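S.K.: I would like the atomic coordinates for the input below:
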Amino acid sequence: MSNNDLENKKCVPCEGGVEPLDMAAAQQIAEAIDPEWKISEDAKEIVKEFKFSNYNKTISFVNAVAWIAEAEDHHPDLTVKYGSCRVVYSTHSIGGLSENDFICAKKIDNILA
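M.R.: You can find the predicted model right below:
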């Protein structure tokens, strides 16, 4: 999968009934996003810590992530601190990772490129 494939896709609503990605599939699709995104050991989530020089830049980033989340209707868990934001994506309805998580990760990577 090329980088362009993810950034041009839209999230597909997931109401369950599909299997989450296994580790091998998650690792393959993760090749299209920044390598700083880490797949959890149980392959249920991807996580990345973003660092910023001040609070205003952190909150600007959080607002941009919120905009992506709303546009894609796929929302991460965020931990916001003065100079950082930890972003965690998982598809809760299936209890693990879906392509949607990687689509959103790629779109977040692009706002900082």
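
S.K.: residue 80 contacts residue 55, doesn't it?
M.R.: No - with contact defined as Cβ atoms under 8 Å, residue 80 does not count as touching residue 55 (9.2 Å). All C-beta spots, glycine's among them, are computed from the backbone N, C-alpha and C.

S.K.: outside of the stretch of helix or strand residue 63 belongs to, which residues touch it?
M.R.: Taking DSSP states H and E as the definition, one finds residue 63 inside helix 55-72. Residues outside helix 55-72 that contact it (Cβ atoms under 8 Å, 6 or more residues apart in numbering) are 10-11, 50, 52, 75-76, 78, 80-85, 87, 100, 103-104, 107-108, 111-112.

S.K.: list the buried residues for that helix?
M.R.: Across helix 55-72, burial judged by 16 or more other Cβ atoms under 10 Å covers 58, 61, 62, 65, 68, 69, 72.

S.K.: ranges for the strands of the chain?
M.R.: Secondary structure of the chain (DSSP state E): strands at 38-39, 46-51, 77-81, 84-89.

S.K.: which one of those strands lies closest to residue 22?
M.R.: Of all the strands of the chain, it is strand 38-39 that lies closest to residue 22, at 10.7 Å by Cβ to Cβ.

S.K.: the closest one pairs with which strands?
M.R.: Sheet pairing of strand 38-39 (DSSP bridges) gives strand 46-51 (antiparallel).

S.K.: all set, thanks.
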